[in-house]
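In: sequence plus predicted model, see below.
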Amino acid sequence: MGNPAPMTGLRFTLVTGMNMQANHCQGAPKKAMVLAAGLGTRMRPITATIPKPLVEVAGKSLIDHGLDRLAAAGVETAVVNVHYLADLLEQHVTRRSTPGIVISDERDALLDTGGGIRKALPHFQDEPFILLNSDSFWIEGVRPNLDILSTSWNSDTMDILLMVAATVRSVGYSGRGDFTLSADGRLKRREEREVAPFVYAGAAVLHPRIFDKVGDGSFSLNRMFDEASDRERLYGVRMEGMWFHVGTPSAIEVTDMAVMESAA
């Protein structure tokens with residue numbers, strides 16, 4: 001993989017316990033779910049001994065980057081699902097004080113992204129919540145992206161709001177993109193063989209009502225994206241800064257280099 005594009009105009013904010021009092025909108029979701037149960041097979045051999053959320057990028061585990069961002073956005077409780085090397089991950093995250101951690105245990109059976117969220121729904125009490133992939137990583141722009149996401153949410157018109165990144169500017173991503181974004185913010189899946197301008201960047205706001213007619217078991221969250229799109233209630237907000245697809249060991253080095261360049 002080649003060198004990343006210059007990080008001109010971007011800044012890297014290393015969120016720590018000392019600066020978690022960032023401004024966040026009144027009424028923003030106070031709860032979140034972090035998807036952390038995956039097998040991380042593309043990250044082997046690193047993930048032979050640790051779960052992917054504990055892989056370090058820019059001097060900190062991926063999941064701690066995400067949990068720090070959630071805390072800065074005013075999230076008080078984060079539900080973290082665990083499956084692969086669950087003991088290691090559970091021991092790591094439950095040492096945190098902010099946000100408070102609740103474990104959703106999938107040791108017995110991996111439920112995929114949709115099934116994992118469905119299992120954890122009782123924790124959200126029918127209120128919208130932030131969803132974050134544990135391996136989602138980005139360099140912030142002018143405003144924190146989770147603040148942008150939360151302030152863009154509208155329960156009256158939306159069932160799902162996705163944070164999306166420009167396909168061509170996403171570092172480490174080689175796919176064809178996921179969605180087109182209309183002027184009013186609605187998302188549509190790309191057509192087969194087409195290249196879409198936006199890719200899902202691993203953060204979203206979801207309303208639990210999307211699971212009202214869904215049973216237990218394993219299924220992909222993509223099913224819910226498609227159903228919300230069919231109802232014209234799938235929306236997107238374009239993130240600021242730069243999104244990184246940290247999917248392989250080689251991507252870690254590229255990401256570390258980009259972070260160092262942006263901080264210089």
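Out: Thanks, I have the structure now.
In: bridging residues for M242?
Out: Under DSSP bridges, the beta-bridge partners of M242 are I139.
In: again with L162
Out: Beta-bridge pairing of L162 under DSSP bridges involves A204, G236.
In: residues contacting it?
Out: Counting by CB atoms under 8 Å, 6 or more residues apart in numbering, L162 makes contact with F179, L187, Y200, A201, A203, A204, F225, L234, Y235, G236, V237. Just so you know, the C-beta spots here come from the backbone N, C-alpha and C atoms, and that holds for glycine as well.
In: neighbours around the fifth one, how many?
Out: In other words, A203. When neighbours are counted by other CB atoms under 10 Å, A203 registers 28.
In: ignoring the adjacent residues along the chain, who's closest to it?
Out: M163 (4.2 Å; CB to CB, 6 or more residues apart in numbering).
In: which residues does that neighbour contact?
Out: Counted by CB under 8 Å, 6+ apart, M163 has contacts N145, I148, L149, Y200, A201, G202, A203, A204, G236, V237, M239.
In: please redo it, this time with the cut-off set to 10 Å
Out: 130-132, 136, 138, 145-146, 148-149, 152, 198, 200-205, 236-240, 243 (CB atoms under 10 Å, 6 or more residues apart in numbering).
In: quick check: it vs P45, distance?
Out: 31 Å (CB to CB, to the nearest Å).
In: now D135
Out: Distance from D135 to P45, by CB to CB: 17 Å.
In: neighbour-wise, which of those two wins?
Out: Each of D135 and P45 has its neighbours counted (other CB under 10 Å); D135 has more, 24 against 7.
In: thought the more buried one was touching G40?
Out: Yes - if you go by CB atoms under 10 Å, D135 and G40 touch, sitting 8.0 Å apart.
In: now for the lengthiest helix in the chain, which elements pack on it?
Out: Counting residues, the longest helix found in the chain (DSSP state H) is helix 249-263. When contacts are defined as 3 or more CB pairs under 10 Å, 6 or more residues apart in numbering; DSSP states H and E, helix 249-263 packs onto strand 56-57, strand 136-139, strand 242-245.
In: of all those strands, which one is nearest R107?
Out: Nearest of those to R107, taken as CB to CB: strand 136-139 at 23.3 Å.
In: ok so, going back, between the helices and strands packed on helix 249-263, which one is closest to S174.
Out: strand 242-245 (8.1 Å).
In: follow-up on the earlier one: and the longest helix of the chain, which residues are buried?
Out: A251, I252, V254, T255, A258, V259, E261, S262 (16 or more other CB atoms under 10 Å).
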